[in-house]
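K.L.:
Curious how this folds, go ahead:
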Amino acid sequence: MRHPLFLAAPLLALALAGCATAPPMGAALDEVRIDSRGAEAGGDFCADFALTAAQARYFLARSVVVTARQQHDNWDILPCYVRGTARSASGVWHWEIRAGATATLETPAGDTELRACSDCDAVLGRPAGRRRL
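P.N.:
Next up is the predicted model:
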C-alpha cells in the first residue's frame, strides 16, 4: 500500500502550477506604468479619474481574482479607466483599472483575469464602504 503523501505531492504540484503566472496578493510588480486613460460611452463624468503609477501598484497588489458574476454583483462597472503595464519575474502584464474598483489583468502568458479590490477606495478617490463582499 502506498503512503497517502505519495499522491498528495503530485496533486500539490499540479495545483501550484496552475497558479504560477498569477502574482499572489501583495506580490511586487515592478515598473508599473500608465499608458493611457479614458472613458467609454456615457463616461462624461470621468474627467477626474486618473491614477499615478504608485496608486496602480497599490490597487494591483491588493486586488483579487473574481468571477464575472462576482464582479457584476459586487462592484460598479464604470466606464472610466486607466491602462498600463507592469513587470514581474514572469514577464510583462497589461492591465486596465476602472473607477469602480474593478480591473482586467492580462498575464504574460496571454490569459485574462478579472480583478476587484475591496480595499482600494482611497486610491480611487471613492468613499469607503461600497463593496458587498
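
K.L.:
rest of the way, CA atoms for contacts and neighbours
P.N.:
Noted.

K.L.:
so where's this structure uncertain?
P.N.:
Judged by pLDDT under 70, the chain has its weakly predicted residues at 1-28, 126-133.

K.L.:
Show me the beta-bridge partners of the most centrally placed residue in it.
P.N.:
Against the mean C-alpha coordinate of the chain, by CA atoms, centre = their mean, the closest residue is Arg115 at 3.9 Å. Taking DSSP bridges as the rule, Arg115 bridges to Val65, Ala103.

K.L.:
ditto for Gly91
P.N.:
Ser88.

K.L.:
again, but for the one 5 residues further on
P.N.:
As for beta bridges, Glu96 partners with Arg83, Thr104 under DSSP bridges.

K.L.:
Can you tell me how far it is from Gln70?
P.N.:
Glu96 sits 18 Å away from Gln70, going by CA to CA, to the nearest Å.

K.L.:
In terms of neighbours, single out the busier of the two.
P.N.:
Ranked by neighbour count (other CA atoms under 10 Å), Glu96 and Gln70 place Glu96 first, with 22 against 15.

K.L.:
Run a quick check on that one versus Ala86, I expect a contact.
P.N.:
No: Glu96 lies out of contact with Ala86 (CA atoms under 8 Å); the separation is 11.0 Å.

K.L.:
check contacts around the residue nearest to the centre of the chain.
P.N.:
Counting by CA atoms under 8 Å, 6 or more residues apart in numbering, Arg115 makes contact with 63-66, 71, 102-105.

K.L.:
what does Val92 give?
P.N.:
85-86, 107-108 are the contacts of Val92 under CA under 8 Å, 6+ apart.

K.L.:
Kindly reformat those as TSV containing secondary structure.
P.N.:
Listed next are the contacts of Val92 as TSV, based on DSSP: H, G, I helix; E, B strand; the rest coil:
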residue	secondary structure
Thr85	strand
Ala86	strand
Thr107	coil
Pro108	coil
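
K.L.:
Please dump the residues you listed into JSON lines; it should also carry neighbour count and distance to Glu40 for every row.
P.N.:
Converted to JSON lines, those look like this (neighbours: other CA atoms under 10 Å; distance: CA to CA, whole Å):
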{"residue": "Thr85", "neighbour count": "20", "distance to Glu40": "20"}
{"residue": "Ala86", "neighbour count": "23", "distance to Glu40": "23"}
{"residue": "Thr107", "neighbour count": "20", "distance to Glu40": "23"}
{"residue": "Pro108", "neighbour count": "18", "distance to Glu40": "26"}
